[in-house]
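S.K.: Give me coordinates for this.
(chains A and B)
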Amino acid sequence: MKQKQLTNQWVSLLLAIGSIVMLAPFVWTVSTSLKNQRLVFEIPPKWIPDPATFDNYVTAWNDSPLLNGFLNSIIIVIFVLGIGLLTSTMAAYAFAKIDFPFKDGLFLALLGTMMIPYSVVMIPQFIGFSEIDWVDSLLPLIVPGLFGNIVVVFFLRQYLAGGLPTELVEAAKLDGSGFFRTFWTIALPVAKPAIAAQAALSFMGIWNDFMGPLIYLHTPEKQTIQVLIASMQSQYMGSSNFPVIMAASIISMIPVILVFFFCQRYFIESLAISGLKG
Amino acid sequence: MKKRKPGYIRKEYAWAYLFVAAPVLGFLIFGVAPLLYSVWLSFTSWDLVTPPEFVGLDNYVEVFQDEKVYKSLYNTVFMMLGIPIGMVFALILAIMMNRPLKGISFYRTIYYLPVISPIIAVSLLWQWILNQDFGLLNQTLWNWFGIQGPNWLGNADWIKPSMILMGVWGGVGGTMVLYLAGLQSISTSYYEAAEVDGANAFQKLWKITIPLLTNIHFFVIVMGVIGAFQSFSQIYVLAGDGGPEYSAATVVFYIFENAFKYFNMGYASAIAWVLGLIIFIVTLIQFKLSKKWVYND
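M.R.: The predicted model follows:
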């Protein structure tokens, strides 16, 4: 018993040291963002800025249309999550609970898309979207997402297959409930926790996405927050203005970290579940 | 009765097709069509301005003679070293956390934080940490150990290890959560039996824990390799020109440069197809090999 306690204390100590290593880059970033440009090049570096200043945040916010960036990212998130999750859930319900011809073939074909690397389809997609003049608008980033996401369909299908009793669906049918109403009043509430988990993951994916927005969005006012932050680098790295770059990085991190803290359970659970299923 | 039933079923089929219509249409419009188009593109020379010109297999011949293709492929594979390194750290962390300790969920949050952070912000943060003269890493190396740190991002030999370091820091929390879930599914009776037989902690780790987590090792390796083959964003931020002597450029970075910097749409498509084929074959081999070592109950 004594030995077990001692081991636990050692483990706690190691975990604490490890978490300091993990956190140090974040703390260092915050510290840098509060320094003026002279303090940054002090040797040895100081962790607590003296004097501390918020000027870098003001500069970052004023020099780049970050508000537009936030709004653009949020618009993409709202449409893709709002509609894309619904279409994914509907498909998942049909694949999980309804028998129809070619069901397995269709599902396998959809799963096959997971094998296609983005780099193969990004060029033809870009050419297609430029043919219809959608380049430099949010549409190429929103519209494909409205059709649902096969990873989400797969995950929700597994969840509904196990979590939604077929008798319940049959009983609803016998009571005269229509197809859509059965889905809406019976399947959707059952799938809710799984949808929430997928929403949390999708939010993170969309918010942090970079390559798609980089390819399609060229005017600064139309860019997402990630593309704006990345382009600030070229603007300030020349003058080694690290404090402004760090301030901008933190601004871009805040929403995703807030969402993470409020929905942490969903993030970690869904990752663990989807990982084991794979 | 008999007449009504088929109609009712047909109606249900119609509804089911309606429900799966969106992903299937999406699959056709944004999956199949671009895929076919991309095959054709890879046999053309096209700069988006002048009309595309059919060049047969020229692009593919060029891919196999292009030094930059080999170099970027080598860089991409080199950076996969981060996968086993990350797995070792993640497993150690998961084993440590799989104990009834105080503050476990707090630690879990901290180790997971880099996983959810935007890769652009994370890359910028590391650019500053890895700064040769004033970065946190070299300052710490010098002040604590008296070691003169290298020019991490400015040196052809050090830029790939820099990327690996950043990748391990950013990904270890995610792998750890997977291992933690795996550890919790291992029945304690294995360990009890081993203890009766007098096994020590190392034997239990080597003979029970690690073999019983093979499905997770497999998942982490497969997903890690696929992800590494497609890494782009951190290279774009930390080595916008591909790094010194092109030593940080990944294949996707090279495809991006060809497509959206030089507008060689045909050539870029050909490289993309070669990459797609490599990913497919490597994944297929991994699944074949998995039958030999992955334990599934």
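
S.K.: Below-threshold pLDDT in the chain: ranges please.
M.R.: Defaulting to chain A. Along chain A, segments meeting pLDDT under 70 span A:1, A:268-278.

S.K.: wait, I meant chain B there
M.R.: Short version for chain B, where the test is pLDDT under 70: B:1-5, B:297.

S.K.: Break it down into its domains, please.
M.R.: B:4-60, B:63-293 (automatic domain parsing).

S.K.: excluding its backbone neighbours, what's nearest residue 137?
M.R.: Because you didn't say which chain, this covers chain A. A:Lys222 (6.8 Å; CB to CB, 6 or more residues apart in numbering or on different chains). For every residue, glycine as well, the C-beta is placed using N, CA and C.

S.K.: wait, I meant chain B there
M.R.: B:Ile129 (5.4 Å).

S.K.: Could you pull up phi and psi at the residue of the stretch 51-200 of chain A found nearest chain B?
M.R.: Closest approach between the stretch 51-200 of chain A and chain B, counting by CB to the nearest CB: A:Phe147, at 2.7 Å. Per-residue torsions, A:Phe147: phi -80, psi 0 (degrees, to the nearest 10).

S.K.: Pretty sure B:Leu28 is one of the things it touches, is it not?
M.R.: No: using CB atoms under 8 Å as the test, A:Phe147 is too far from B:Leu28 to be in contact (9.5 Å).

S.K.: Just the residues contacting stretch B:165-177, thanks.
M.R.: Contact with stretch B:165-177 is made by A:22, A:25, A:268, A:271-272, A:275, B:79, B:82, B:85-87, B:89-90, B:93-94, B:97, B:108, B:111-115, B:117, B:119, B:122-123, B:126, B:220, B:224, B:234, B:238, as judged by CB atoms under 8 Å, 6 or more residues apart in numbering or on different chains.

S.K.: Let me know the secondary structure of B:Leu272.
M.R.: Careful, residue B:272 is Ala and not Leu. What DSSP: H, G, I helix; E, B strand; the rest coil gives for B:Ala272 is helix.

S.K.: tally of neighbours for it?
M.R.: For B:Ala272, the count of nearby residues is 28 (other CB atoms under 10 Å in any protein chain shown).

S.K.: Number of residues surrounding B:Met176?
M.R.: Using other CB under 10 Å, B:Met176 has 26 neighbouring residues.

S.K.: so how far is chain A from it?
M.R.: Separation of B:Met176 from chain A (CB to the nearest CB, to the nearest Å): 10 Å.

S.K.: Could you do B:Asn155 as well?
M.R.: For B:Asn155, the distance to chain A equals 18 Å [CB to the nearest CB].

S.K.: So between A:Phe147 and B:Leu28, which is more surrounded?
M.R.: Shown here are A:Phe147 and B:Leu28; by other CB under 10 Å, A:Phe147 has more neighbours (24 against 12).

S.K.: how close does the residue nearest to that one when sequence neighbours are not counted sit to A:Gln158?
M.R.: Spatial nearest neighbour of A:Phe147, excluding adjacent residues (CB to CB, 6+ apart): B:Gly26 at 2.7 Å. B:Gly26 is 20 Å from A:Gln158, where distance means CB to CB, to the nearest Å.

S.K.: what about the two, which has more around it?
M.R.: Shown here are B:Gly26 and A:Gln158; by other CB under 10 Å, B:Gly26 has more neighbours (24 against 17).

S.K.: Next up, the contacts around that one.
M.R.: Applying CB under 8 Å, 6+ apart, the residues near B:Gly26 are A:Pro144, A:Leu146, A:Phe147, A:Gly148.

S.K.: count of neighbours near A:Leu6?
M.R.: Neighbour count for A:Leu6, taken as other CB under 10 Å: 10.

S.K.: element containing it, please.
M.R.: Using DSSP states H and E, the element containing A:Leu6 is helix A:2-33.

S.K.: Which strands and helices lie in contact with that helix?
M.R.: Counting contacts by 3 or more CB pairs under 8 Å, 6 or more residues apart in numbering or on different chains; DSSP states H and E, helix A:2-33 packs against helix A:242-262, helix B:82-97, helix B:104-116, helix B:119-129, helix B:136-145, helix B:159-184.

S.K.: Can you tell me which of the ones you listed is packed in deepest?
M.R.: Stretch with highest mean neighbour count among these: helix B:119-129 (a mean of 25; mean count of other CB atoms under 10 Å in any protein chain shown).

S.K.: The following helix or strand past the helix holding A:Leu6: how far from the chain's middle?
M.R.: Going down the chain from helix A:2-33, the next helix or strand is helix A:37-40, by DSSP H and E. Taking CA atoms, centre = their mean, to the nearest Å, the mean C-alpha location of helix A:37-40 is offset from the chain mean by 34 Å.

S.K.: contacts for helix A:37-40?
M.R.: A:Thr32, A:Lys46, A:Pro49, A:Asp50, A:Ser240, A:Asn241, A:Phe242, A:Pro243, B:Phe134.

S.K.: Stretch A:133-147 too?
M.R.: By CB under 8 Å, 6+ apart, stretch A:133-147 touches A:72, A:75-76, A:79-80, A:83-84, A:87, A:125-126, A:129, A:206, A:209, A:212-213, A:216-219, A:222, A:224, B:22-23, B:25-27, B:29-30.

S.K.: Just the CA trace of it, in CSV.
M.R.: Presented in CSV, the C-alpha positions along stretch A:133-147 are these (Å, rounded to 0.1, in the frame of the first residue of the first chain):
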residue,chain,number,x,y,z
ASP,A,133,-16.9,32.2,-60.6
TRP,A,134,-17.0,31.0,-57.0
VAL,A,135,-13.3,31.7,-56.4
ASP,A,136,-12.7,34.4,-53.8
SER,A,137,-16.1,33.7,-52.2
LEU,A,138,-17.0,31.4,-49.3
LEU,A,139,-19.1,29.2,-51.5
PRO,A,140,-16.5,26.5,-52.4
LEU,A,141,-15.9,26.1,-48.6
ILE,A,142,-19.6,25.9,-47.7
VAL,A,143,-21.4,24.1,-50.5
PRO,A,144,-19.5,20.8,-50.5
GLY,A,145,-20.0,20.6,-46.7
LEU,A,146,-23.8,20.9,-47.1
PHE,A,147,-23.9,17.4,-48.6
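
S.K.: Flag every buried residue along that stretch.
M.R.: Across stretch A:133-147, burial judged by 16 or more other CB atoms under 10 Å in any protein chain shown covers A:Trp134, A:Val135, A:Leu138, A:Leu139, A:Pro140, A:Leu141, A:Ile142, A:Val143, A:Pro144, A:Gly145, A:Phe147.
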